[in-house]
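**Student:** All I have is the shape, not the residue letters:
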Ligand code: ADP
């Protein structure tokens, strides 16, 4: 075999990522009225709890009432090959596509899948597994009552969130409102549920429709009489059952959104979810900081929208401008503060000593903007600790000004980061009365009586708290992975649940992906091998019969970096190739991987790319055979979902969202055609080898089985179709309480 040429100057080597930008000290904006330099303020107090590393690998994991968690207890060791999965038409994806097409029309009729997802309880659905086969008669025949045929997706079994962590449907299936002690109700709804009705004080920029408040009529999930049975041609769909959900006005307040400001999966979630909500006929807006390092090339028609926003801060106020622009059709407001604090002009998004104050300010500015602009959304959806003060401000300040309408949903994408800080926060934000906020049942940190915990405040004050998978909801509440917030989650368990993230099927689609040379689908899967060749060519890997094992992700200890390192050598030893794409803001970690890269530079079977490269990521998803995700903990994980979309087999640790979405080929309790990857339990080298070894062996020894597994993975529907409906259910649930 030809030795790989030295690759010191390989075109794909983009060098290590930039160090976090240093604060821009060039003062271009007027000083704040306070004239106060908040950066000199005390540093953030770190939460003292450790990560879940070394969690005893107890199995099986069970909820309090003994409900077994999916994928939680996989026996290890060799297993029998599954029988060939029936090569039926991919059921889930077309169903998802049809639902999407119907969803494009406001007031669309709900698909059977939607109806299933919309059953009582906000956490009603889970990723849709592919259906093995349905007879033509089953598929086409309307029921006697003229209802749609049996859904092409199989019935959704109960899942842990419904038993262990979900916002609890009662026996009758109706969500039960928590008691006031469990949930100090923020922002009490007006007597009629109506807003003040004030019109937006800002003129919409050209091309933007005037924001219209949706009617505040009582929500009724109406089940209309199905139309009389009509003789239809066999190919036509029967008339669906019509279900009316009124459109609602939703504002997402977020520190990140792809592609303009992306650090991790949160950015992708906001991008995908907001689009899904909009195509379902809702009015959706996004508020985020106006960072200097945003991808402005992805913002269309950026226009000043509100020039005179004064945001209270310390004893004074900071002047802000608000801009409006479209990000791939999403309506976005960008807040730009003018102060010497220079909050968002620092060359990178996070990583500063005053991050807590930066985002406490942003959250206050976002609410102040809504208030001053006369916007009264039905739902404010916040993300992570950076915006978790929004419900606190609403309840403690703005409801007294008359802003009683919005309900708040907080999604926690990662419990590791909580915004733990000192009492200075209260002085800056105008949340006076320290005795009130240092109360254990409000913002006081669980571990440090002298610290405030912003994320905890978000949990206490929000109307609903979601995290990004049911399994992670369970782990954070009951398995000690809440980084100290377990007691708070227990107190508020009635409004806590998990929704598995989706991925954007417009961005991640092997049939039309503009980043890859060959396009393919589940029916033309051979096209994937052209991408494999292209990937090898780009990374100067040897072209041979070996499988390619890949890792894409932040180089963060959370991602299981020691196992990634082990997997590189193990893969090479087992006759596979290995590709890594990742970077870290921690220069020490980057240096380690640069060292590894230099060590392996001459290998014709290995390439490590240290950096962030969206284009290369697409090619790896499309060209690799296996995607490794050996995380210590993983709230949801997008890489395994994207990999499956591209027929790349995930090899994952059974934790968090990975356990909810990947089902082991040999040891799952799922039907054979629903198995889509390889899973291991123990966070150690033996665990990793048990899964990766089986994957590589299957690739070499049973290629036809491996191919079936690829097809199974591709048939899953991990789009935003189902989680979009889940979030809508949550919104309606919170509005009706
Ligand atoms: P997290 O949010 O913890 O970073 P996720 O799996 O939820 O992890 O999301 C990671 C997202 O970022 C995926 O879309 C992945 O493809 C992308 N990504 C991570 N690292 C890189 C990189 N170095 N280059 C390109 N894309 C990356």
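**Tutor:** Cool, the structure landed. This one's a predicted model, so the numbers in the text were calculated from it and none came from an experiment.

**Student:** Which residues does residue 330 form beta bridges with?
**Tutor:** Under the criterion DSSP bridges, residue 330 forms beta bridges with residue 327.

**Student:** likewise residue 303?
**Tutor:** Where residue 303 sits in a bridge, its partners, by DSSP bridges, are residue 324.

**Student:** who's in contact with the residue of the chain found nearest the ligand?
**Tutor:** Closest to the ligand within the chain is residue 265: 2.5 Å, counting by C-beta to the nearest ligand atom. Backbone N, C-alpha and C define where each C-beta goes, glycine included. Contact analysis of residue 265 by C-beta atoms under 8 Å, 6 or more residues apart in numbering lists 413, 468, 501, 636, 637, 638.

**Student:** hmm, 10 Å instead?
**Tutor:** 256, 258, 413-414, 468, 501, 503, 553-554, 634-639, 641, 657 (C-beta atoms under 10 Å, 6 or more residues apart in numbering).

**Student:** Residue 456 now?
**Tutor:** With C-beta under 10 Å, 6+ apart, residue 456 has these contacts: 385, 388, 418-420, 440-446, 484-485, 487-489, 492.

**Student:** Are any of these buried, and if so which?
**Tutor:** Burial by neighbour count, judged by 16 or more other C-beta atoms under 10 Å, picks out 385, 388, 418-420, 442-446, 484-485, 488-489, 492 from the contacts of residue 456.

**Student:** how deep is the closest residue in space to residue 486 that isn't next to it in sequence tucked in, by neighbour count?
**Tutor:** Excluding its sequence neighbours, the residue lying closest to residue 486 (C-beta to C-beta, 6 or more residues apart in numbering) is residue 477, at 6.1 Å. Residue 477 has 24 neighbouring residues, counting by other C-beta atoms under 10 Å.

**Student:** My guess is residue 477 contacts residue 471. True?
**Tutor:** No. In this structure residue 477 lies outside contact range of residue 471 using C-beta atoms under 10 Å: 11.1 Å.

**Student:** Max pairwise distance over the buried ones among the contacts of residue 456: which two?
**Tutor:** Across the buried ones among the contacts of residue 456, the longest distance by C-beta to C-beta is 18.5 Å; it joins 420 and 492.

**Student:** now do the same end-to-end measure for stretch 417-437.
**Tutor:** End-to-end span of stretch 417-437 (C-alpha to C-alpha, to the nearest Å): 20 Å.

**Student:** anything in that stretch near the ligand?
**Tutor:** No. Using C-beta under 6 Å from any ligand atom, stretch 417-437 stays clear of the ligand, coming no nearer than 10.8 Å.

**Student:** Next, the buried residues of that stretch.
**Tutor:** Going by neighbour count (16+ other C-beta under 10 Å), the buried part of stretch 417-437 is 417-422, 424-431, 437.

**Student:** tell me the average confidence for it?
**Tutor:** Per-region confidence: stretch 417-437 scores 96 on mean pLDDT.

**Student:** Equivalent analysis for stretch 544-563, please.
**Tutor:** Mean predicted lDDT for stretch 544-563 stands at 97.

**Student:** One more: stretch 599-616?
**Tutor:** pLDDT averaged over stretch 599-616 gives 96.

**Student:** picking that back up, now, which of the contacts of residue 265 lie within strands?
**Tutor:** Mapping those onto strands (DSSP state E) picks out 553, 554.
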